[in-house]
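1. Fold the following and give me the result.
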Amino acid sequence: MIQDDRDDTIAFVDETEAVPDSGGACWRILIVDDEPDVHEVTLLALRSVSIEGRSLAFLHARSAAEAEALLRQEDDIAVVLLDVVMETEDAGLRLVRFLRDELGNRATRIILRTGQPGYAPEIETIRVYDINDYKTKSELTRVRLYTSITVAIRSYWQIHQLEANRRGLEMIVNATMELSRPRGLRRFAEGVVTQLCALLSIGEEGLVCAAASVAGVSPYVLAAAGRYSAWIGQSLDSIPDDRVRQVLEDALGKRQHTFEKSTCLYFSTSGNHALAAFVDIDHPLSDVDRKLLEVFCSNIAVGFENVQLYQKVYDLAFEDLLVRLPNRNSFIGLIECRPASADRVALVDIDGFSDINSILDQAFGDQVLEAVAKRLRAAFPLSVAVARVGSDVFGLLGNADEVTPEHVAQVFAQPFSVNDQDLRLSATTGLISLVGNTERAVEIMKNTGVALKQAKSFRRGKAMFYEPAHAIEARDRMRLLNSLRQAFSADYLFLQYQPFIDLASGRVVGAEALLRWKTEEGQFVPPDRFIPLAEQSGLMVALGNWVMRSALQFLARLHSEGISDFRMAINVSHVQFREPDFVEKLEAAIASCQVAPSAVEIELTESVAIENFALIEQKLVALRRVGVAVAIDDFGTGYSSLSILRRLDVDRLKIDRAFVSGEQCVAEDSGIARMVLQLASQLGLQTIAEGIETEAQRQTLRELGCDEGQGYLFSRPLAADALLDFVKQGRA
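-> Numbering: from 1, shown residues only. Below you'll find the predicted structure:
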C-alpha cells in the first residue's frame, strides 16, 4: 500500500498498471528503469494525478537501448524519469547525451533517479548534463515525485511555447521576405496560426484563416490547423460548421474583431484584401489577452500589407505582362521544380520576327506575339508549361509525347490573323531531353539554347535536339569568335579580289571583294566558318562596314590608276542588309571614297532576296536611288519564284559554282545553268558564272549566252597589288 502524503516512504505493491484516460490532452511521461517494481510504484503514486489541467500518460522502457528506440519514434514526451545505472553503470547518462545531442531534443525534461548515487555524483551530474532534477530513489516520496514532475512539466511547456512562438515568428518573417514563391501569402497565414496559438497558450489547432476581397470576391480558407485542416482551400460558404462560418462572416462583414462567443481577428490592407482568423478557445479572454491580441493584430496587418505588395512584385518579376504567360525567370523555376513526367524542354523561335518589328512597327509585332502565345497555349494541355522566355522565343516544358517538333509545327501550319491580316509564320525549335538529366535549370536552358542555335544555323524553320557534341561545338565557336574579335582589332583580317572576266572578249571588267582571315600562327580560317559566326554574334555589321569601306578605297585607287570602267562587287550579309541605316552608310562611304556609284555592285544571296520580300523591295528602291547595281549571288540554290524574281529590281544573276563545276556545263543539255541563263535573258538581266575551271566550261557558258565568268581558269583571289598588275596586264 501507499502511505499518505505525511509519510516520506512509498510501499511497493503488486497491482495491475493503471492507464489514464487518453481521450483528451495529456502529458506523456517516459519511465526508464530496469526494475519492474519502480515502474509499478511510480504508476501507483501518480495514477490519479492531474497537472495543469491535464492527466498523465505513461510510456515504459526497461533499458537504455529500449528507451533509445522509443525516443526515436516519439517526439512529444514531456518528462523522462530515468534510472542512471541499468545495463551499464552510465547507461542513463549516455541516454541523456543521445536525447540532447543525437536527437537534438532540448524540450523534453529529464529527472534522474538512482539507487547507487556513487556512480554519478549529484553536483557534477547537474553541472555537466541538461537535466531538471537528480534524486536518489529513497528520496522520492509521492509528494516529492509530484513536485519534481510538476516543475519539469511547467519547464517543458514553457520551452514548447517559446519554440512555437519562435517558429511562428520565423514563418511570418520568411513569408514577408519570400519574394520568389507564389506561396508567400499562405506561408504568412500559417505563421499567423502558429503565432496566435502560442500567444494564447493553446495547441496548434482550433484556428482558421480566411482570405477575402473586400470588394466581394468569395472568401476561402487559406490556412488551418488541427481539426480544421480539412477545410483548407474551401470557400467560406462551404464550411460545415455553422458557428465558425457565422463568426468569420461577421468579422469580414463588419471589418472588426469579435470577442463575444468566440474569438475572431480581422486584418486588412489598403487594397481590397482582408484576413479573418478564428480562434476556438474554451475560456473567455482576459483584458490582458485582448490587449496583446490588438497589438499583435496591428503588427500582423503591416506584415499582411507587405505580403500583398511583395505578391504584386512577384507577379511583375515572374509573368510576361504582354502575353500573360510565365516569363523566363518563372520558366527556369518550373524546370527546377519540374515533376517527373516533365521530361522535355523546347525553345521555339519565331523566324524573321525582327523584320516584322522593323517594317511593320513594334505595335504590330506585339500583336503577333500575342497571337502566337494564344495559339501555343491552346495547342498544348495544361500539363505542358508555356512561357515567353525571350523577345521572340517561347519555352515549352512537358512530357515528351506532347512537346514534339510535330506539335510545334502544327501550331505554325496555318496563318495567324493579326490586325485583320493573314500572316504566315515559321519557327525554329531547339529541344532537350530531361530523362536522366540532373543539371540545374539554367544549364538546361543554356543547352536547349545551343540546340536552337544549331537549328537556326543548319535547319532554319525546323527542329534539332541537343546533343553533347553541340556544347563542344558551341565552346569551339565561342573560342573562334573571341579570336575573330581579336583578329579584327589587330588587323589580321584582309581583303582579296577575284576578277570578273568578259567571256566574249576575255577582258577584266571587275572583281569581287572577298574577306579573308589569317591567324597569328599563319593559318587561314575558311570564310564559311567565321562568317556565320560573325552574323550570329552581331559582329558582322562592323565587319561588313569595314569590308565596304576597304573595297571602295581600293576601287578609288584603281580609278586613280586610270582604270575607270571597273566594277567592284561587295558581298552584303543579311544581318548588315537589315540594318535600318545600311543604304545611308553605303552612300556615305561612296561619297567619302569619291567613286562613281555606277562602279559599285552589291551582292545579295538568293535566300536573303526572298526571305522578306517587303524589306528587300524597299531597300532595292533606295539602292537604285543611290545608283549602285545589285546582283543576286548563288542563284539557283534557293527557292525564289519567277513572280518574285520579276519584281526584284536587280541587274545581274550570279550562277552558283555548283551548276558550273564538273560535267554540269559540258553536257549536251547543260542542266540548270542553261535554264538560269534563259531565265535571265527573258528578264533582261546580265549574268555571271562562278567557279569556271576549264576551257570547256568557259566555251559552253559563252555559247549559252553567259556574259561574264569568274574562277580559277582566269585567276585565284588576289591581293590588291596583284590584282592591279593583273588588270593592267589584261588590258595591255
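
2. Name the next helix or strand following the one helix or strand Leu44 maps to along the chain.
-> Following DSSP states H and E, one finds Leu44 within helix 36-46. Sequence order places strand 50-51 as the next helix or strand after helix 36-46, per DSSP H and E.

3. Quick one: residues in contact with the helix or strand hosting Ala373.
-> Using DSSP H and E, Ala373 sits within helix 362-379. For helix 362-379, the surrounding residues in contact (CB atoms under 8 Å, 6 or more residues apart in numbering) are 322-325, 348, 350, 353, 356-357, 386, 388, 392, 394, 396, 407, 410-411, 416-419, 423, 425. Where you see a C-beta, it was placed from the backbone N, CA and C, and this is true even at glycine.

4. if we go to 7 Å?
-> 322-323, 325, 350, 353, 356-357, 386, 388, 394, 407, 410-411, 416, 418-419, 423 (CB atoms under 7 Å, 6 or more residues apart in numbering).

5. again, but for stretch 61-80
-> Residues outside stretch 61-80 that contact it (CB under 7 Å, 6+ apart) are 27-30, 32, 34, 59, 86-87, 91-92, 94-95, 98-99, 103, 108-111, 149, 152-153, 156.

6. Could you do stretch 99-116 as well?
-> By CB under 7 Å, 6+ apart, stretch 99-116 touches 71, 77-85, 92, 96, 120, 125, 130-137, 140, 148, 152, 155-156, 159-160, 163.

7. which of those residues are buried?
-> 71, 77-85, 92, 96, 120, 125, 131-135, 137, 140, 148, 152, 156, 160 (16 or more other CB atoms under 10 Å).

8. Let me see the domain layout of the chain.
-> 26-161, 178-318, 322-466, 479-730 (automatic domain parsing).

9. any idea how far Ala385 is from Ala274?
-> In this view, Ala274 and Ala385 are 32 Å apart by CB to CB, to the nearest Å.

10. Mind listing what's buried along the host helix or strand of Leu70?
-> Assigned by DSSP H and E, Leu70 belongs to helix 64-73. Buried residues in helix 64-73, defined by neighbour count with 16+ other CB under 10 Å: 64, 67-68, 70-71.

11. Any chance of a markdown table for the residues you listed, columns distance to Thr448 and pLDDT?
-> Output for these, formatted as a markdown table (distance: CB to CB, whole Å; pLDDT from 0 to 100):
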| residue | distance to Thr448 | pLDDT |
| --- | --- | --- |
| Ala64 | 57 | 93 |
| Ala67 | 55 | 95 |
| Glu68 | 51 | 95 |
| Leu70 | 52 | 95 |
| Leu71 | 50 | 94 |
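
12. Same list (those residues) but as TSV, adding distance to Val626.
-> Formatted as TSV, the buried residues of helix 64-73 follow (distance: CB to CB, whole Å):
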residue	distance to Val626
Ala64	97
Ala67	95
Glu68	91
Leu70	93
Leu71	90
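
13. And the domains of the chain, which one averages the lowest pLDDT?
-> Averaging pLDDT over each of those singles out domain 178-318 as the lowest, with a mean of 74.

14. Asp633 - that's part of a helix, no?
-> No. Using DSSP: H, G, I helix; E, B strand; the rest coil, the assignment for Asp633 is strand, not a helix.
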